[in-house]
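Colleague: with the input below, show me the fold.
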Amino acid sequence: MARGAFKGRGAVSNPQGRFERVGREAVDDGWFPDPEDEPGRPATTVTEERARSIVSRNQSPDIPFDASINPYRGCEHGCVYCYARPSHAYLDLSPGLDFETRLYAKTNAAELLRATLCKRGYQPTPINLGANTDPYQPIEKHYRVTRELLGVLAEARHPCTIITKSAMVERDLDLLTAMARDGLVAVLVSVTSLDNRLAAKLEPRTSAPARRLRAIASLAAAGVPVGVLVSPVIPAVTDVDLEQILAQAAAAGAKRASYALLRLPHEVAPLFREWLDEHLPERAGHVMSLVRQMRGGRDNDSRFGVRLRGEGVFAELIARRFKVAVRRHGLNQGEGFGLRSDLFRAPVPQGELF
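Modeller: Have a look, this model is predicted:
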C-alpha cells in the first residue's frame, strides 16, 4: 500500500467541502493516538434519513433516462473518480473520505415511491437506480432499501434500469427475473478495469472485476437483460482493458455496451490528482496531460454532449476502439432494451397495506 493511502478507501485525504463555513487544519498535539483511531482506519457511519422526496428528474440530453432514485447518499465503494463526490459538499461534509465513510440511508424510500406512483395522473417512464451512488453498495446488505424499492416497482409493474458495480445485484434475482419476463427491467454492470490490484486501489470496496463479470453471466442466465458499462475510461490507466472488458462481458451474456470517459468535476479533480501522486506517481503527469487534451485544456468539461465522450485525438481513438470492439462481439444489436411502460398499475396505497 502506498505511503499515506488508507486501507479499503479510495480517497487519500478528506479536504474541506466547498460550502463549509468552518475551516479545519490538522495539528500534531503530541499525544499518541489509540491504534484503532489512526487515520489509516476511518470507520463507516450510517445515518438513517427520512427523505422528503425520492424520484429525481433531469433534462440532460446525454442521459438516456429522465427519472432516477438514489437510495443512499455517499457511497462506501470509495471509487476515487466518482463524479458524485461533490454532492457531499451540500451536507457540509468532505467529498473525500467523508463521501465514502459518512453515509445516509433513505429508510423511507419505498414508502415515498409508493406514494409517488399512487398520485393521480402519474405517467410512468423508466426509473434508474444508481445514477448517482451505487444502489448495491455494502450497506445495502443491512438496510435493503434498494430491494424494498424494487418490490414496489415490481408490484406496480413499473419499468426500471439499474447501474451497479456490485455482484450483490444477484441477491434480487427473484424480483428481477419476474420483472424481466414482462420487459420491465434491465441492468448495466459497470466494469472499469480487469486488474484486481488496480481496482483495489481505484474502487476499493466494489466487487472484484471477475466477480462482476460472473454477475453479468448470472443475470443473463436468468433471462434478465444485461449490459456492460465501461466507466470511467481513464487514459493510460484503465483504457488498456477496453477491448477485453467488452469481449468478456459479451461472452458472459451482455447484449448492450456503453462507455464514459473520466470526469473530474469540482473537488474530484484534486482528489484524483492526489490519488495519482500516491499510487501512480511515475505516470501522473502523463495521465493528467491526456485528460486535459480530451477536455479542452482543462481538468473537466461539463458541456452536454462532450462530458461523457470528450474531444480531441485521444477521445476519438477511444470512440473508434469501442465501435470496433462492439461490432466484433455482436453488442448493441437492435434498439436498446425496449422496456415497457404500458403495463403500469398504481400500487396499493400505504394505508391499505395494513
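Colleague: what does the helix of greatest length in the chain contact?
Modeller: With residue count as the measure and DSSP state H as the assignment, the chain has helix 313-328 as its longest helix. Under the criterion Cβ atoms under 8 Å, 6 or more residues apart in numbering, residues 230, 233, 235, 239, 242-243, 246-247, 257, 259, 261, 290, 293-294, 309-310, 331-332 lie in contact with helix 313-328. (C-beta placed from N, C-alpha, C; glycine too.)
Colleague: which of those residues fall in strands?
Modeller: Counting by DSSP state E, the contacts of helix 313-328 place Val230, Val233, Ala257, Tyr259, Leu261 in strands.
Colleague: in ChimeraX, how would I select just the buried ones from those?
Modeller: Entered in ChimeraX, the line below selects the buried ones among the ones in strands among the contacts of helix 313-328, by 16 or more other Cβ atoms under 10 Å:
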select :230,233,257,259,261
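Colleague: can you list the weak-confidence ranges in the protein?
Modeller: The model of the chain has pLDDT under 70 over residues 1-4, 19-40, 351-354.
Colleague: near the closest residue to Leu184 other than its chain neighbours, how many other residues are there?
Modeller: Distances taken as Cβ to Cβ, 6 or more residues apart in numbering place Pro159 nearest to Leu184, at 5.0 Å, with adjacent residues excluded. Residues lying near Pro159 (other Cβ atoms under 10 Å) number 26.
Colleague: same thing with Arg181?
Modeller: 11.
Colleague: could you number the chain from 601 rather than 1 from now on?
Modeller: Sure, I'll start counting at 601 from here, so that last one is Arg781.
Colleague: roughly how far does it sit from Gln723?
Modeller: 23 Å (Cβ to Cβ, to the nearest Å).
Colleague: Thr644 contacts Gln737, doesn't it?
Modeller: No: using Cβ atoms under 8 Å as the test, Thr644 is too far from Gln737 to be in contact (10.1 Å).
Colleague: joint contacts of these two?
Modeller: Counting by Cβ under 8 Å, 6+ apart, the shared contacts of Thr644 and Gln737 are Glu676, Leu703.
Colleague: compare the two (neighbour count), which wins?
Modeller: For Thr644 and Gln737, the more surrounded residue by other Cβ under 10 Å is Gln737, and the numbers stand at 26 against 16.
Colleague: list phi and psi for that one.
Modeller: Note on Gln737: backbone dihedrals following degrees, to the nearest 10 are phi -70, psi 160.
Colleague: contacts only, for the residue nearest to Leu784.
Modeller: Pro724, Thr725, Pro726, Ile727, Gly783, Leu784, Val785, Leu939, Arg940, Ser941.
Colleague: again, 10 Å this time
Modeller: Counting by Cβ atoms under 10 Å, 6 or more residues apart in numbering, Pro759 makes contact with 665, 667, 724-727, 753, 779, 782-786, 937-944.
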